[in-house]
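Asker: Coordinates for the following, if possible.
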Amino acid sequence: MPNSSSDTSTADALQNPTGDRMTGHIAAIYNTRVAKRAFGWVWSNTDAITKWLQVIALLFAACWTFLIFKDTQAPALETPPAVSIGLNGYLLEQSICQINAEVEINNIGLKSVEVANVHVRMWIEDLKLSTGLNYIDVNALENGTPTFDERPTTALNTRFPPRTDLHVGFLWIFSGPPNASWYLVRADAEDSKGHILGQADFLKYGLCPKG
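Answerer: Next up, the predicted model:
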């Protein structure tokens, strides 16, 4: 035999599908009011000194949390600037070669980046290659004494707002007998403390080829 009370409740639910949600809203409002009354009662029954001590403790905890986040977590969320470099050479005369390097810094992050210096180095190496595939250890080359090692003052020494980029060219004139050496150029973007913000290197063969 059908259950009349069950059928009635089902019919009521179908006719008023928002009933449960309204009940939930009313309960949430009631709970919020109860919490406010409880907090008001605690606050009104606490002496003034204790109240201000609690406020000061909360402010101190908030400041301490912010400082810890700023020193430990925030730097890891920053996007370092992208540094790229290109290298080309042109034989002007039989014994004079022009070498051009173009360095670009692109702040791809959401915060401004201050570049204090761009450390530019060049190594000229006469690598002995064997027949077949040869592995070039760039790190080992960079551990050697560079032919050029400077931090020239350029337009790259500036503040980069978010989503901005700038490129500057560097020029060398090589005078001497033409050669078929390897040329390695590295550029490091540094902050005011000498920390590397980003770096790029470029290795190219035969910029000043023999005639």
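Asker: List the buried residues for stretch 176-194?
Answerer: With burial defined by 16 or more other CB atoms under 10 Å, the residues of stretch 176-194 counted as buried are P178, N179, S181, W182, Y183, L184, V185, R186, A187, D188, A189, E190. Where you see a C-beta, it was placed from the backbone N, CA and C, and this is true even at glycine.
Asker: again with stretch 134-148
Answerer: L141, P146.
Asker: Check what contacts that stretch and list those residues.
Answerer: 120-125, 127, 172, 182, 184, 186, 201, 203 (CB atoms under 8 Å, 6 or more residues apart in numbering).
Asker: Can you get me the start-to-end distance on it?
Answerer: 26 Å (CA to CA, to the nearest Å).
Asker: avg pLDDT for that stretch?
Answerer: Taken as a whole, stretch 134-148 has an average pLDDT of 89.
Asker: Check stretch 54-67 too.
Answerer: Stretch 54-67 comes out at a mean pLDDT of 75.
Asker: ok, residues contacting that stretch?
Answerer: Contacts for stretch 54-67 (CB under 8 Å, 6+ apart): none.
Asker: pull the CA atoms of it into PDB?
Answerer: The C-alpha coordinates for stretch 54-67 follow below in PDB (Å, rounded to 0.1, in the frame of the first residue of the first chain):
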ATOM      1  CA  GLN A  54      45.200  40.800  21.700                       C
ATOM      2  CA  VAL A  55      45.000  43.400  19.000                       C
ATOM      3  CA  ILE A  56      48.800  44.100  19.300                       C
ATOM      4  CA  ALA A  57      49.500  40.400  19.200                       C
ATOM      5  CA  LEU A  58      47.400  40.000  16.000                       C
ATOM      6  CA  LEU A  59      49.200  42.900  14.300                       C
ATOM      7  CA  PHE A  60      52.600  41.600  15.300                       C
ATOM      8  CA  ALA A  61      51.700  38.100  14.000                       C
ATOM      9  CA  ALA A  62      50.500  39.600  10.700                       C
ATOM     10  CA  CYS A  63      53.700  41.700  10.300                       C
ATOM     11  CA  TRP A  64      55.900  38.700  11.200                       C
ATOM     12  CA  THR A  65      54.100  36.500   8.700                       C
ATOM     13  CA  PHE A  66      54.500  39.100   6.000                       C
ATOM     14  CA  LEU A  67      58.300  39.500   6.600                       C
END
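Asker: contacting residues around L127?
Answerer: So L127 contacts N134, I136, S181, W182 (CB under 8 Å, 6+ apart).
Asker: mind redoing it with 7 Å?
Answerer: Contacts here follow CB atoms under 7 Å, 6 or more residues apart in numbering; on that basis L127 touches W182.
Asker: That one belongs to a strand, doesn't it?
Answerer: No: going by DSSP: H, G, I helix; E, B strand; the rest coil, the assignment for L127 is coil, not a strand.
Asker: Any figure for the gap between it and Q54?
Answerer: Separation of L127 from Q54 (CB to CB, to the nearest Å): 70 Å.
Asker: got it, and W182?
Answerer: 68 Å.
Asker: swap in G198?
Answerer: 46 Å.
Asker: same check, this time on T131
Answerer: The value you get for T131 to Q54, if CB to CB is used, is 79 Å.
Asker: Of these two, give the one with the bigger neighbour count.
Answerer: Each of T131 and Q54 has its neighbours counted (other CB atoms under 10 Å); Q54 has more, 12 against 5.
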